[in-house]
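S.K.: Take a look and give me a structure for this.
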Amino acid sequence: MTPNNESRGALRGLASKEAADRLRKFGENTIARKKRFRPLIAFFRKFESPLLLLLIGTSVISFFVGERTNAVIIIVMVCVSAVLDFANSYKSEKTVLKLLEKVTTTATVLRDGQKQEIDQKEIVPGDIVLLSAGDAVPADARVLETKDCFVNQAALTGESFPVPKYGEQGANRDGEAPTERPDFVCMGTSVVTGYATIEVMQTGFSTEFGKIAAHISVETLPTDFEKGIKTFSVFIMRLTFVMVGFVFLANALLGHGMFDSFVFAIAIAIGLTPELLPVIMSVSLSRGSLEMAKKNVVVKNLSSIESFGSMNVLCTDKTGTLTEDRITLVKYVDCFGNAAEDVFTRAFISSFFHTGIKSPLDKAIREHKTIETSAYEKIDEVPFDFERKRDSIIYKKEGMYTLITKGAPEDILSIATDFDDRGTKKTFTAAAKSAALAEFEKLSGEGFRVLAVAEKGVPEKKEYTKEDEAGMNFLGFMAFYDPPKGTALSAIKDLEDLGIEVKILTGDNEILTEKICREINLPVKRTLKGSEIVKMNDEELLVRARTTTIFARITPDEKERIILTLKKAGYSVGYLGDGINDAPALKAADVGLSVNNAVDVAKETADIILLEKSLRVLHDGITEGRKTFANTMKYIMMGLSSNFGNMFSMMGASLILPFLPMLPPQILLNNFLYDTSQLTLATDAVDKNLVKKPPRWDIKFVKKFMIVFGPISSVFDFATFGLLLLVFRLSESQFQTGWFIESLATQVFVIYVIRTRLVPFLESRPSKPLFLNTIFAVAVGWLIPFIGLGAFFAFTPLPLPVLLGIAGIVIVYLAVTEVI
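M.R.: Next up, the predicted model:
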């Protein structure tokens with residue numbers, strides 16, 4: 001909406017009645033969304049995965065065929081997994097809410113011709129708002145009047161330097177982006193210096209800030225890890241259906257009875273189903289989140305921990321991440337590039353005596369170092385304005401009056417007739433002025449923000465004006481920029497060592513960004529500008545994005561497009577950002593990272609919140625993510641080797657033996673003890689080589705692993721069959737007992753081989769809880785046949801030679817598996 005002229009009038013503002021009408025029409029000036037976290041819905045959504053649905057289905061069938069104990073066990077495991085996941089999500093959400101809590105934001109407006117302090121939510125199009133240094137801009141608005149007004153737009157553009165704002169009456173800038181217009185300010189930005197009077201044009205979701213917030217409210221895309229788990233779950237589900245169907249039909253046709261065959265098939269299904277996987281994942285992720293919390297990292301989304309570990313590309317803005325987010329004076333030189341202390345001295349005097357609004361550059365000058373000023377007496381000053389783009393100070397020293405002017409180099413050069421050459425005043429010839437312009441362009445080309453300084457002696461008089469700024473003696477230039485963090489160099493090296501490529505996505509210019517990258521030794525393969533990206537189709541961008549390090553002068557939409565393109569190219573992408581302009585990219589990334597002082601929208605969108613904006617804190621989080629991923633894969637690999645092999649052997653044995661190789665209750669006891677042995681897997685130590693590179697889900701490798709190691713397990717199962725039947729000639733009950741203890745030992749102890757690529761125990765030891773738990777589970781399984789409980793499961797005690805033979809087979813199996 002464009003407010004009518006009456007709303008401006010003599011800057012009386014809106015009438016209260018008109019403001020109330022507009023508030024009803026346009027709604028509150030807020031982009032806060034309704035609270036998304038609904039505990040009951042969030043809890044039930046934990047049961048959406050195919051794996052949990054398969055387990056629930058198996059449990060229901062088990063219950064109705066009489067295996068109620070096992071049905072309860074499975075349901076309990078499913079619920080434990082869901083409750084752990086939900087409890088962590090709920091706790092994280094509460095933590096984030098505390099981070100988001102803020103005092104009510106107010107704004108000063110003109111209503112009924114009077115200044116009023118109102119809640120920012122009540123601002124409407126047409127309101128006249130008064131802004132001063134430190135104020136947040138409450139809405140998108142046109143600038144009417146300003147004085148020395150500089151606005152920080154980093155939250156929207158990524159530009160670290162504040163930009164000047166001033167009213168341009170009659171100027172037509174409709175084709176420019178709102179943030180590029182000097183006569184327009186946007187919600188989400190803030191006033192650094194000066195004052196401004198603005199007329200509100202858009203509020204709430206109609207603002208540039210609001211449009212981005214609305215864009216990210218769409219459903220979250222599945223992460224690389226979530227897609228991997230879903231693919232694995234579907235694979236297991238299909239495998240289970242095929243094997244169970246085959247076992248049921250084959251045993252029924254062999255005359256084992258329809259009901260007994262069905263119960264046996266269900267037992268096979270339970271044995272095949274990795275029912276402990278959700279618990280292992282939840283415990284591992286919860287443990288990882290607690291470890292990360294100790295390092296001031298808040299995990300909002302549990303599954304993002306493993307996505308964090310899988311990340312092989314980190315995209316980040318440079319401001320505050322690679323840089324200090326603080327403007328610093330770097331050097332001061334004459335017009336030929338020689339170091340010139342006089343340039344700093346005069347600039348310091350100007351900044352020290354300047355009584356107007358201090359610009360960020362003035363602050364940087366005064367923080368650089370201090371000069372004794374007691375010998376100087378301020379006489380007058382000529383304030384900065386946007387037409388001249390400079391300010392002046394007149395001081396007196398030892399009876400001499402001097403005017404110092406500093407400002408935009410082009411404007412200072414235009415009023416200079418002389419220049420200072422190592423303390424000697426010379427006429428500013430065309431050659432000298434050309435050299436000064438070349439030095440200015442050189443400094444600008446290196447990414448510096450440049451200020452020029454000039455001076456001249458002036459006569460004593462009552463008042464000085466801008467007309468006195470003529471015939472100046474040009475002293476030189478001052479170069480400023482946002483320096484790289486001291487920790488950035490080592491942080492980049494740490495990320496490289498972890499196999500992570502860093503890409504810079506910034507709204508800032510490419511020259512400054514390339515300079516920062518050089519200083520922190522970040523190799524720049526290629527730079528792409530937003531103006532180039534907008535001309536590319538998705539296929540062209542996919543090819544270029546792979547080999548591009550810096551994406552400069554890009555919009556929030558382009559950041560999101562780049563993230564999605566990198567994901568399409570097969571990368572697991574993380575994004576670190578804290579501004580509203582970062583929110584779409586945070587949403588699109590596999591793992592979104594933000595900081596506690598980020599804008600609310602960025603914190604709500606992120607998966608992980610860092611309490612310190614630094615690449616260094618990422619290292620520990622990534623390592624925890626990789627440990628969690630590694631321990632999850634250990635359980636999966638176990639299930640696809642000995643566990644799958646044993647079920648496959650059972651299926652084959654049921655076709656050739658005149659009796660069932662293992663009774664359904666025995667299968668379920670075997671499965672229960674096996675699962676119990678893995679409850680401490682989340683605590684297992686992880687080899688250093690497993691955290692050096694980003695792990696990725698590879699369903700082809702999973703299938704290949706199953707095809708290789710499953711049959712190896714089956715070979716030793718059939719060797720056990722031969723030993724028990726042909727060598728020791730055991731009875732049906734003894735056979736079932738012998739194979740029960742052999743299959744349990746091979747399933748459980750194979751973790752020592754699978755958990756490491758090093759030599760087990762000699763080069764890599766399991767955690768103490770895992771070691772003790774596995775020993776305990778196998779010991780209980782081998783002991784049951786010799787106590788009263790054994791008769792309940794139809795077990796028969798075995799003689800010592802049989803036990804020794806089975807132990808030998810287990811040892812050889814583990815040795816062969818280690819070699820292969």
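S.K.: what residue ranges in the stretch 251-400 of the chain score low on pLDDT?
M.R.: 256-257, 259-260, 263, 266-280, 320, 356-358, 386 (pLDDT under 70).
S.K.: go again using 80 as the cut-off
M.R.: 251-291, 293-296, 300-303, 318-325, 355-360, 384-388 (pLDDT under 80).
S.K.: how about the strands in it?
M.R.: Using DSSP state E, counting those that start in this stretch, the strands of the stretch 251-400 of the chain run over 297-299, 313-316, 328-333, 377-385, 390-397, 400-407.
S.K.: With residue 531 as the reference, name the closest of these.
M.R.: With C-beta to C-beta as the criterion, residue 531 lies closest to strand 313-316 of the strands of the stretch 251-400 of the chain, at 19.4 Å. (Each C-beta comes from the backbone N, C-alpha and C, glycine too.)
S.K.: so what strands line up beside the closest one?
M.R.: strand 501-505 (parallel), strand 573-576 (parallel) (DSSP bridges).
S.K.: okay but residue 317 is in contact with residue 505, surely?
M.R.: Yes. Here residue 317 reaches residue 505: they are 6.3 Å apart, a contact under C-beta atoms under 8 Å.
S.K.: So which residue is dead centre in the protein?
M.R.: Taking C-alpha atoms, centre = their mean as the criterion, residue 593 is the residue nearest the geometric centre of the chain, at 2.3 Å.
S.K.: same for the helix or strand that one falls within, what does it pack against?
M.R.: Element membership for residue 593 (DSSP states H and E) is strand 591-595. Using 3 or more C-beta pairs under 8 Å, 6 or more residues apart in numbering; DSSP states H and E as the contact test, the elements touching strand 591-595 are helix 304-310, strand 573-576, helix 583-588, helix 600-605, strand 608-610.
S.K.: List the contacts of the second one.
M.R.: It stands for strand 573-576. Under the contact criterion C-beta atoms under 8 Å, 6 or more residues apart in numbering, strand 573-576 has outside partners 307-308, 311, 313-317, 321, 505, 559, 563, 566-567, 582, 585-586, 588-594, 610, 615, 618.
S.K.: coming back round to it: could you dump the strands of the stretch 251-400 of the chain into JSON lines with distance to residue 428 and mean neighbour count added?
M.R.: Shown next, in JSON lines, are the strands of the stretch 251-400 of the chain (distance: least, C-beta to C-beta, whole Å; neighbours: other C-beta atoms under 10 Å):
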{"stretch": "strand 297-299", "distance to residue 428": "57", "mean neighbour count": "24"}
{"stretch": "strand 313-316", "distance to residue 428": "44", "mean neighbour count": "24"}
{"stretch": "strand 328-333", "distance to residue 428": "16", "mean neighbour count": "18"}
{"stretch": "strand 377-385", "distance to residue 428": "22", "mean neighbour count": "17"}
{"stretch": "strand 390-397", "distance to residue 428": "17", "mean neighbour count": "21"}
{"stretch": "strand 400-407", "distance to residue 428": "15", "mean neighbour count": "21"}
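S.K.: Of these, which is nearest residue 551?
M.R.: strand 313-316 (8.3 Å).
S.K.: Mind exporting the C-alpha coordinates of the closest one to PDB?
M.R.: Output of strand 313-316 as PDB, limited to C-alpha atoms (Å, rounded to 0.1, in the frame of the first residue of the first chain):
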ATOM      1  CA  VAL A 313      30.200 -29.300   2.200                       C
ATOM      2  CA  LEU A 314      29.700 -26.400   4.600                       C
ATOM      3  CA  CYS A 315      28.200 -23.200   3.200                       C
ATOM      4  CA  THR A 316      28.500 -20.100   5.200                       C
END
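S.K.: next one: that strand to chain centre, how far?
M.R.: 8 Å (C-alpha atoms, centre = their mean, to the nearest Å).
S.K.: circling back to that earlier point, tell me the buried residues within the contacts of strand 573-576.
M.R.: 307-308, 311, 313-317, 321, 505, 559, 563, 566-567, 582, 585-586, 588-594, 610, 615, 618 (16 or more other C-beta atoms under 10 Å).
S.K.: follow-up on the earlier one: tabulate the strands paired with strand 313-316 (JSON lines), appending mean pLDDT.
M.R.: Below are the strands paired with strand 313-316 laid out as JSON lines (pLDDT from 0 to 100):
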{"stretch": "strand 501-505", "mean pLDDT": "94"}
{"stretch": "strand 573-576", "mean pLDDT": "92"}
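S.K.: Could you identify which of these is most buried?
M.R.: strand 573-576 (a mean of 30; mean count of other C-beta atoms under 10 Å).
S.K.: so what's the residue nearest to residue 816 when sequence neighbours are not counted up against?
M.R.: Distances taken as C-beta to C-beta, 6 or more residues apart in numbering put residue 712 closest to residue 816, at 6.6 Å, once the chain neighbours are dropped. Counting by C-beta under 8 Å, 6+ apart, residue 712 touches 641, 645, 813, 816, 817, 820.
S.K.: Tell me how many other residues surround the second one.
M.R.: Here the number of neighbours of residue 645 (other C-beta atoms under 10 Å) works out to 25.
S.K.: Ok, the fourth one next?
M.R.: The burial count assigned to residue 816 is 13, neighbours taken as other C-beta under 10 Å.
S.K.: mind checking the SS state of it?
M.R.: Under DSSP: H, G, I helix; E, B strand; the rest coil, the three-state class of residue 816 is helix.
S.K.: so what's residue 114 up against?
M.R.: The contact partners of residue 114, taken as C-beta under 8 Å, 6+ apart, are residue 13.
S.K.: Over to residue 167?
M.R.: Residues near residue 167 by C-beta under 8 Å, 6+ apart: 142, 143, 144, 145, 146, 183.
S.K.: same thing but at 10 Å, please
M.R.: Taking C-beta atoms under 10 Å, 6 or more residues apart in numbering, we find residue 167 in contact with 142-146, 149, 182-184, 196-199, 386.
S.K.: Where does the residue of the chain positioned farthest from its centre sit: helix, strand or coil?
M.R.: Of all residues in the chain, residue 729 has its C-alpha farthest from the mean position, at 62.0 Å, by C-alpha atoms, centre = their mean. Of the three states, residue 729 takes coil under three-state DSSP.
S.K.: so who does it touch?
M.R.: Contacts of residue 729 were listed using C-beta under 10 Å, 6+ apart, and they are residue 735.
S.K.: ok, so what distance separates it from residue 722?
M.R.: 11 Å (C-beta to C-beta, to the nearest Å).
S.K.: next one: residue 45
M.R.: Counting by C-beta to C-beta - residue 45 and residue 722 are separated by 50 Å.
S.K.: Which one of those two is surrounded by more residues?
M.R.: Between residue 45 and residue 722, counting by other C-beta under 10 Å, residue 45 is the more crowded of the two (14 against 11).
S.K.: In terms of pLDDT, where does that one sit?
M.R.: We have a pLDDT of 72 for residue 45.
S.K.: and if you look at residue 540?
M.R.: At residue 540, pLDDT is 94.
S.K.: helices or strands next to the helix or strand hosting it in the packing?
M.R.: If you go by DSSP H and E, residue 540 is part of helix 538-546. Using 3 or more C-beta pairs under 10 Å, 6 or more residues apart in numbering; DSSP states H and E, the elements in contact with helix 538-546 are strand 527-529, helix 530-533, helix 556-568.
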